[in-house]
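Undergrad: Sequence first, then the predicted structure, then my questions.
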Amino acid sequence: MKPLIDMSTEESRNIKAILFDLDGTFVNSDELKSQAYSSLESIREKGLKTVAVTGRPAGWCDLIARWWPVDAVVGENGAFFFYKNKDKIIRKTFYDLDMQYNNRRRLDELFEKCLLNFPYIKMASDQSFRQWDLAIDIAEETQVSTKEIVDIVNFAEGEGACTAISNIHINIWFGDYNKEQMSLKVLKELGLSSKNILYVGDSPNDSPMFKYFESTVGVKSVMNYEGLIDTYPKYITTNDEGDGFVELINFLISTR
Ligand SMILES: [Mg+2]
């Protein structure tokens, strides 16, 4: 990883859209800071598109699509994306609703099996607002060790599920999608190619995005995931969480 300031002016000026993770990247551990939110407005005023890409639930993404200064939001690690067209929210899902019902049933069964093996685990507190996945809390309202995280992930994958580890949850789902695949569908919908797109994240679940896109940035805490993260970003900020996001936006604006 190189320091963010090593990004060339040319690379920065060519960027047409920012795809960004929320927890640990845009949102600090305890709250969304006004500077991060207003920096989103600032970069849109420069003509860039903004797309939130998160593991957070459909219920939260509905609000983001309706109220935030974004062109779209990808949620539940790629299960769907929402965007606003005039006053209407357009909702596109990777699979149809029959599959959602079927997957939900399978996830309920999988959680029962997980509980037998790992009796201390707790569902994430935002589980009720989820449509496509199961989120197990590892650091939001409870603490789970790295070894336990790896054991849970291996168990779920052994049962045929997909997993992603964020800074707060293990997300578990059935189906062949991830943040990267759904982001490509969003870009197409927005009339953009996958070139000149910047992605910023902080955690192992951002790895597919770090691998796919050319201009990738990690906020400082991305260094904390050694052994858990497959692909690191190209650049790293000196600040953490939302402050790292603001640092990135200020850098992009300074080159314009
Ligand atoms: Mg994150």
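TA: All right, it came through fine. Residues are numbered from 1 along each chain as shown.

Undergrad: I'd like to know which elements the helix or strand containing residue 64 is packed against.
TA: Secondary structure assigned from DSSP states H and E places residue 64 in helix 58-67. For helix 58-67, the helices and strands in contact under the criterion 3 or more C-beta pairs under 8 Å, 6 or more residues apart in numbering; DSSP states H and E are strand 72-75, strand 80-85, strand 88-93. Just so you know, the C-beta spots here come from the backbone N, C-alpha and C atoms, and that holds for glycine as well.

Undergrad: and the second one, which strands flank it?
TA: Translated: strand 80-85. Partners of strand 80-85 in the sheet, by DSSP bridges, are strand 72-75 (antiparallel), strand 88-93 (antiparallel).

Undergrad: Give me whichever of those is most buried.
TA: Stretch with highest mean neighbour count among these: strand 72-75 (a mean of 28; mean count of other C-beta atoms under 10 Å).

Undergrad: Can it be said to contact the ion?
TA: No - using C-beta under 5 Å from the ion, strand 72-75 stays clear of the ion, with a minimum separation of 12.9 Å.

Undergrad: who touches that strand?
TA: 19, 51-58, 60-61, 64-65, 80-83, 179, 182-183, 186, 189-190 (C-beta atoms under 8 Å, 6 or more residues apart in numbering).

Undergrad: Just the buried residues out of those residues, in ChimeraX syntax.
TA: Selection of buried members from the contacts of strand 72-75 for ChimeraX, criterion 16 or more other C-beta atoms under 10 Å:
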select :19,51,52,53,54,55,56,57,58,60,61,64,65,80,81,82,83,179,182,183,186
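
Undergrad: residues in contact with residue 198?
TA: Taking C-beta under 8 Å, 6+ apart, we find residue 198 in contact with 15, 17, 18, 19, 213, 215, 216, 217, 252.

Undergrad: can you list contacts of whichever strand or helix holds the fourth one?
TA: Put plainly, it is residue 19. For residue 19, the element it lies in under DSSP H and E is strand 17-20. Residues from elsewhere that reach strand 17-20, judged by C-beta under 8 Å, 6+ apart: 26, 43, 48-53, 71, 74, 183, 187, 190, 192, 196-201, 209, 213, 245, 249, 252.

Undergrad: 7 Å - rerun?
TA: Under the contact criterion C-beta atoms under 7 Å, 6 or more residues apart in numbering, strand 17-20 has outside partners 26, 43, 48-53, 183, 192, 197-200, 209, 245.

Undergrad: The ion contacts on the stretch 101-250 of the chain?
TA: Proximity of the stretch 101-250 of the chain to the ion, by C-beta under 5 Å from the ion, involves residues 166, 202, 203.
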